[in-house]
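Visitor: I would like the atomic coordinates for the input below:
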Amino acid sequence: MTPGRILVVDDDPWIQRIVARTLGQRGHQVTLAGDPSGAFAVAAKTRPDLIVTAVALPAVNGWSWWERLRALPACAEIPIVFLLSELDASSEIRTTVPRDQRLKKPFRMEDLDRVVVSILGSEVVNTLIGLQAAEPEVKPSAGHRPLSALRGQIDEIGLSSVLGMLEMERKSGILLVEREGASARLFLRKGHVIRADCDTPRLTGAGAVYETLSWRGGTFDLLIGDIGGIDEIQTATTFLLLEAARRVDERNEQRRVVNPESKI
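Guide: A predicted model of the protein is given here:
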C-alpha cells in the first residue's frame with residue numbers, strides 16, 4: 001500500500017496547517033478544505049483513504065457534510081478522525097464506521113500519528129519507513145504542506161527579536177510557539193499581532209502574548225499565510241514588547257523582594 005490520501009477539513013487555518021505538516025512529513029498525500037462544500041467536492045472527486053475533520057462545521061441541508069458523502073456507495077466506508085472541541089458532543093456524530101476515531105482539541109501530534117496508524121494499518125507504517133530510507137524523488141503532499149518561513153530555538157533567538165523583525169518586514173502568518181507542556185499561537189497581519197492564544201495557562205489576547213514572551217525556552221515556527229478576522233488586540237507590536245518586558249522586570253523584582261538571595 002502506498003502512503004494514504006488524507007483529506008483535512010477545518011475552518012481553523014492553524015489546525016489545517018499543523019495537521020497537514022505533520023501528516024505530510026510522514027509521507028501521506030494531504031489535501032485541505034476549509035468548509036463543507038469544498039470538502040464534499042474534493043472527497044467525491046478523489047476518494048481519500050482517510051478524512052480528518054472538525055465536527056463544528058455548518059450543516060448542509062440539515063446533514064453534516066460527511067453524512068452526505070457516506071451516502072455515496074463508493075465513499076460509504078471511508079474512516080474519519082473527528083476533531084471535537086469542548087462544546088462538541090461525541091454522541092451527536094452519526095453514520096459512523098468501525099474504524100472511526102475521535103480526538104479532543106487541543107490534541108498532541110503524537111496522538112494524531114497514533115490514530116492514523118491504527119486506522120491505515122501497519123502496512124502503511126512499513127511503507128513510510130521504506131520511503132524515508134529511500135528518499136523518494138517525488139515529495140508527497142507537494143503544494144499542500146504549509147511552508148515554514150522561519151523556525152528556531154527561543155534560547156538562541158528571543159521572541160521579542162522575532163516579533164520585532166516580523167513587524168519591520170510586515171509579515172502575515174501564524175507564529176507557533178511550543179515548550180514542554182505548553183503551546184501558543186500568535187496571529188500576525190502585516191507584522192501586527194491581531195490575535196493570540198495560549199493553552200497553559202489558558203489565555204487569549206494580549207495576555208497570551210505577554211505570557212508567551214516570558215518563556216525562556218522552547219521553539220518557534222512561522223507559517224506564512226493570509227490571516228483574516230478582526231484585530232482583537234489593537235495594540236502596536238512595539239507596545240506589546242515594551243509591556244512584556246516591563247512585566248518580566250516587575251515579576252523579577254517581586255521575586256527579589258521575597259527572596260533577596262535568589263538569582264534571577
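Visitor: so what touches the longest helix along the chain?
Guide: Ranked by residue count, the top helix of the chain under DSSP state H comes out as helix 237-258. Contact partners of helix 237-258, identified using Cβ atoms under 8 Å, 6 or more residues apart in numbering, comprise 160, 163-164, 166-167, 191-193, 206, 209-210, 213-214, 233, 262, 264. C-beta coordinates here come from the backbone N, C-alpha and C atoms, glycine included.
Visitor: filter the residues you listed to the buried ones?
Guide: 160, 163, 166-167, 191-193, 206, 209-210, 213, 233 (16 or more other Cβ atoms under 10 Å).
Visitor: and the longest helix of the chain, which residues are buried?
Guide: Within helix 237-258, the residues scored as buried using 16+ other Cβ under 10 Å are 237, 240-241, 244, 248.
Visitor: okay, now the unreliable bits of this protein?
Guide: Low-confidence regions of the chain, defined by pLDDT under 70, span residues 1-2, 87-92, 94-96, 122-149, 257-258, 260-264.
Visitor: that one: strands as residue ranges?
Guide: Here the chain has its strands, by DSSP state E, at 5-9, 29-33, 50-54, 80-84, 101-104, 148-153, 173-179, 182-189, 192-199, 202-204, 219-224.
Visitor: turn those into a markdown table, including distance to residue 117.
Guide: What follows is the strands of the chain, written out as a markdown table (distance: least, Cβ to Cβ, whole Å):
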| stretch | distance to residue 117 |
| --- | --- |
| strand 5-9 | 12 |
| strand 29-33 | 16 |
| strand 50-54 | 11 |
| strand 80-84 | 12 |
| strand 101-104 | 11 |
| strand 148-153 | 24 |
| strand 173-179 | 22 |
| strand 182-189 | 23 |
| strand 192-199 | 25 |
| strand 202-204 | 30 |
| strand 219-224 | 24 |
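Visitor: so of the ones you listed, which one's packed in deepest?
Guide: strand 5-9 (a mean of 25; mean count of other Cβ atoms under 10 Å).
Visitor: between it and strand 80-84, how many degrees?
Guide: Going by axes from the mean of the first three to the mean of the last three Cα atoms, to 10 degrees, strand 5-9 is angled at 20 degrees with respect to strand 80-84.
Visitor: partner strands of strand 5-9, with direction?
Guide: Here strand 5-9 is paired, per DSSP bridges, with strand 29-33 (parallel), strand 50-54 (parallel).
Visitor: give me the contact list for the last one.
Guide: Same thing as strand 50-54. With Cβ under 8 Å, 6+ apart, strand 50-54 has contacts from 4-12, 15, 19, 23, 39, 43, 65-66, 78-83, 85, 112, 116, 119-120.
Visitor: the first one now?
Guide: If you take Cβ under 8 Å, 6+ apart as the criterion, strand 29-33 is touched by 3-9, 16, 19-20, 23-24, 39, 42, 46, 48, 140-141, 144-145.
Visitor: one more pass at 10 Å, please.
Guide: Contacts to strand 29-33, defined as Cβ atoms under 10 Å, 6 or more residues apart in numbering, come from residues 2-11, 13, 16-17, 19-24, 38-43, 46, 48-49, 51-53, 57, 65, 140-146.
Visitor: quick check on these: which are buried?
Guide: Buried, going by 16+ other Cβ under 10 Å: 3-10, 13, 16-17, 19-24, 39-40, 42-43, 48-49, 51-53, 57, 65, 140-141, 144-146, out of those.
Visitor: among those, which lie within helices?
Guide: 13, 16-17, 19-24, 39-40, 42-43, 65.
Visitor: possible to save these as TSV with distance to residue 102?
Guide: Shown next, in TSV, are these (distance: Cβ to Cβ, whole Å):
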residue	distance to residue 102
13	22
16	19
17	21
19	15
20	20
21	22
22	18
23	17
24	22
39	18
40	21
42	22
43	19
65	17
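Visitor: quick check, nearest of those residues to residue 155?
Guide: Nearest to residue 155 among these: residue 21, at 23.1 Å, using Cβ to Cβ.
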